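Enquirer: need coordinates for the below:
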Amino acid sequence: QVQLVESGGGLVQAGDSLRLSCAASGRTFISYAMGWFRQTPGKEREFVAAISWRGDNTYYTDSVKGRFTISRGNAKNTVYLQMNSLKPEDTAVYYCAAGVTFSTIHQGYTYWGQGTQVTVSS
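Expert: A predicted model of the protein is given here:
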C-alpha cells in the first residue's frame, strides 16, 4: 500500500515557476514508477510526466517538454515536478500517481494522491 500527498501548488503569473512535491508513505516506494497527471473541470485526466522506479527513464507530454522536469528522491520517498515558464493553459489540479509499470495512461497507475491546484494567471 502506498499513500501519496501532493504539495506545492498555488497561484502564479505566466512565466513563473513552481515545484510540486509528492510524498509517499510505504517502504516499497522505490519499486514504483511515478507519474504526474493534471485535470481541469469537464476534461479527462491528462498525462504530464512519468519517471521510472530507478529514475533513469523519464517521459513528458509534448506540451510541457523543455519546461517541466520530473525527478525523484528515493531516499526521501518523494517525487517532484519542477514547472518553469508556466502558461495559463497549465492551470489544473495536479495529481501524482504510483504504479508498477512505467506508463503514460492513468490506467497504468494504482495509487493516487488527492491533488494540488495550480493556477496560472495571464
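
Enquirer: quick check: bridge partners of the residue nearest in space to the middle of the chain?
Expert: Nearest to the mean C-alpha position of the chain, counting by CA atoms, centre = their mean, stands residue 36 at 2.5 Å. Following DSSP bridges, residue 36 is listed with bridge partners residue 49, residue 96.

Enquirer: quick one: the strands in this structure?
Expert: For the chain, applying DSSP state E gives strands covering 3-7, 10-13, 18-25, 33-39, 46-51, 58-60, 68-73, 78-83, 92-99, 111-112, 116-121.

Enquirer: and those strands: which comes nearest residue 105?
Expert: Proximity to residue 105, assessed across the strands of the chain by CB to CB, is greatest for strand 46-51 (6.7 Å). (Glycine included, C-beta is placed from N, CA and C.)

Enquirer: the residue lying closest to residue 17 once chain neighbours are set aside - how many residues pack around it?
Expert: Spatial nearest neighbour of residue 17, chain neighbours left out: residue 84 (4.7 Å); criterion: CB to CB, 6 or more residues apart in numbering. Neighbour count of residue 84, defined by other CB atoms under 10 Å: 14.

Enquirer: for the chain, which spans come out with low pLDDT?
Expert: 27 (pLDDT under 70).

Enquirer: follow-up on the earlier one: the residue nearest to the centre of the chain against residue 45, yeah?
Expert: No: in this structure, residue 36 is not within contact of residue 45 by CB atoms under 8 Å, at 10.6 Å.

Enquirer: quick one: stretch 75-87 to chain centroid distance?
Expert: Distance of stretch 75-87 from the chain centroid (CA atoms, centre = their mean, to the nearest Å) equals 7 Å.
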